[in-house]
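Undergrad: okay, structure incoming, though there's no sequence with it:
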Ligand SMILES: [Mn+2]
């Protein structure tokens, strides 16, 4: 059985206010092309960028949903943390008649879909993104200790395993931050430490775990993979090789899981150099995050770079602005109160002393 594993489409996403919908349509058409040669398509969460997706995003998903079912390719799709479970769930029972299986909500009996090939059945566990409290409320009494992400996932996946007959091949689809996973984009940085993470062992019963959430394609182990997002969605992803993961199972389980690269309509790049260098270059058709390495701070860098980078997303100076450099030279008077320190700072920044009214107000705030 051949599977196309993709995730984190983030339909409707914008970069610094620039809509990416045309880039998304372009990349999804490539995915549709590859999908012709597989037995099923997996979408491992974050279909949309927001819980209330834009009309353009819903329209694009509708278009893709129609084209995939028209080709009679089964689709297995779960909700990610960016999706609204209720909204993504819309129509799911009807769509299932066309083999478009969306699981956006957890259930007392985790959703299991069997698909078959010439070797027999393969069981797919659809594990949508959930908060541990949801599992707690659904399965345990109030006196039960609060569950961690890891414990809640282990429990729920344990329930899902109960629905898979012994000795049968199986695939898990989940949207989690797995222990040992690397490089999370800014928007996914919700937790400090390991509180939001799930142990890789959680999926050990499966022949393959098709994961979503981390945007960089990566193999946690041979059978536990992130396909990554099909497009670069932040400067931190500039060096990622985006694509989909093509998975093959034979009679005994996993044969291979390999990344297959996609070509974006417009690349996203992170570059650095001097203003003079960039201004001598031909225009670059890419979403550009530029750092100027000039020794002196370049004021109003963006308009000066737009000729070369018509799709400039960010212009930064490596040199610190003169105002910023001045600050660390400030001395704090020995034994000064908070109010006195503030008064010194105020005078240094504004070149005037506090008025009597301002002194009284600040003294009150500082406690004398
Ligand atoms: Mn996510």
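TA: Happy to help now that I have it. Just so you know, these numbers come straight off a predicted model, no measurement behind them.
Undergrad: and residue 223, how many neighbours does it have?
TA: 20 (other C-beta atoms under 10 Å). All C-beta atoms are positioned from the backbone trio N, CA, C, and that covers glycine.
Undergrad: and what of the one 3 residues further on?
TA: When neighbours are defined as other C-beta under 10 Å, residue 226 has 28 of them.
Undergrad: so who does it touch?
TA: Residues in contact with residue 226, defined by C-beta atoms under 8 Å, 6 or more residues apart in numbering, are 7, 181, 211-214, 216-220.
Undergrad: again, 10 Å this time
TA: 5, 7-8, 44, 176-178, 181-182, 209-220, 245, 259 (C-beta atoms under 10 Å, 6 or more residues apart in numbering).
Undergrad: can you sort out which of those also neighbour the ion?
TA: Filtering these for neighbours of the ion using C-beta under 5 Å from the ion leaves residue 213.
Undergrad: which ones among the contacts of residue 226 are found in strands?
TA: Judged by DSSP state E, strands contain the following of the contacts of residue 226: 5, 44, 177-178, 209-212, 218-220, 245, 259.
Undergrad: quick check: the farthest pair among the residues you listed?
TA: Using C-beta to C-beta, the two most remote members of the ones in strands among the contacts of residue 226 are 177 and 259, lying 19.7 Å apart.
Undergrad: quick revisit: just the buried ones among the contacts of residue 226, please.
TA: Buried members of these, counted by 16 or more other C-beta atoms under 10 Å: 5, 7-8, 44, 176-178, 181, 209-218, 220, 245, 259.
Undergrad: surely residue 288 meets residue 235?
TA: Yes - the criterion here is C-beta atoms under 10 Å, and residue 288 meets it with residue 235 at 9.5 Å.
Undergrad: between the two, who's got more neighbours?
TA: Using other C-beta under 10 Å as the criterion, residue 288 and residue 235 rank with residue 288 on top: 25 against 20.
Undergrad: what strands line up against whichever helix or strand the more buried one is part of, and which way round?
TA: Assigned by DSSP states H and E, residue 288 belongs to strand 286-292. Using DSSP bridges, the strands paired with strand 286-292 are strand 267-273 (parallel), strand 312-317 (parallel).
Undergrad: buried residues, that strand. List them.
TA: Within strand 286-292, the residues scored as buried using 16+ other C-beta under 10 Å are 286-290, 292.
Undergrad: the ion contacts on the stretch 201-350 of the chain?
TA: Within the stretch 201-350 of the chain, the positions near the ion by C-beta under 5 Å from the ion are residue 213.
Undergrad: what about the helices in the stretch 201-350 of the chain?
TA: Taking DSSP state H, counting those that start in this stretch, the helices of the stretch 201-350 of the chain run over residues 275-279, 301-305, 322-326, 338-350.
Undergrad: the last one packs against which elements?
TA: Meaning helix 338-350. Using 3 or more C-beta pairs under 10 Å, 6 or more residues apart in numbering; DSSP states H and E, the elements in contact with helix 338-350 are helix 322-326, helix 356-366.
Undergrad: nearest to residue 160 among the ones in strands among the contacts of residue 226?
TA: Using C-beta to C-beta, these come closest to residue 160 at residue 209, 11.5 Å.
Undergrad: contacting residues for the closest residue to the ion within the stretch 101-250 of the chain?
TA: Distance from the ion to each residue of the stretch 101-250 of the chain (C-beta to the ion) is smallest for residue 213, at 4.1 Å. Residue 213 is in contact with 7-8, 44-46, 80-82, 129, 174-178, 181, 184-185, 188, 196, 198, 226, 228-229, counting by C-beta under 10 Å, 6+ apart.
Undergrad: just residue 57 next, same as before
TA: So residue 57 contacts 9-13, 19-21, 24, 47-50 (C-beta under 10 Å, 6+ apart).
Undergrad: let's see that with 7 Å instead.
TA: Residues in contact with residue 57, defined by C-beta atoms under 7 Å, 6 or more residues apart in numbering, are 11-12, 21, 48.
Undergrad: doesn't it lie inside a strand?
TA: No - assessed with DSSP: H, G, I helix; E, B strand; the rest coil, residue 57 is helix; it does not lie in a strand.
Undergrad: just to revisit the earlier point, nearest to residue 107, out of the helices of the stretch 201-350 of the chain?
TA: helix 301-305 (49.8 Å).
Undergrad: quick check: buried residues in that closest one?
TA: In terms of neighbour count (16+ other C-beta under 10 Å), helix 301-305 has its buried residues at 301, 305.
Undergrad: which residues touch that helix?
TA: Helix 301-305 is contacted by residues 275, 278, 290, 292, 298, 312, 315, 317 when judged by C-beta under 7 Å, 6+ apart.
Undergrad: now the nearest residue to the second one once chain neighbours are set aside: how far from residue 282?
TA: By the measure of C-beta to C-beta, 6 or more residues apart in numbering, the closest residue to residue 278 outside its immediate chain neighbours is residue 308, 5.0 Å from it. Between residue 308 and residue 282 the distance, using C-beta to C-beta, to the nearest Å, works out to 8 Å.
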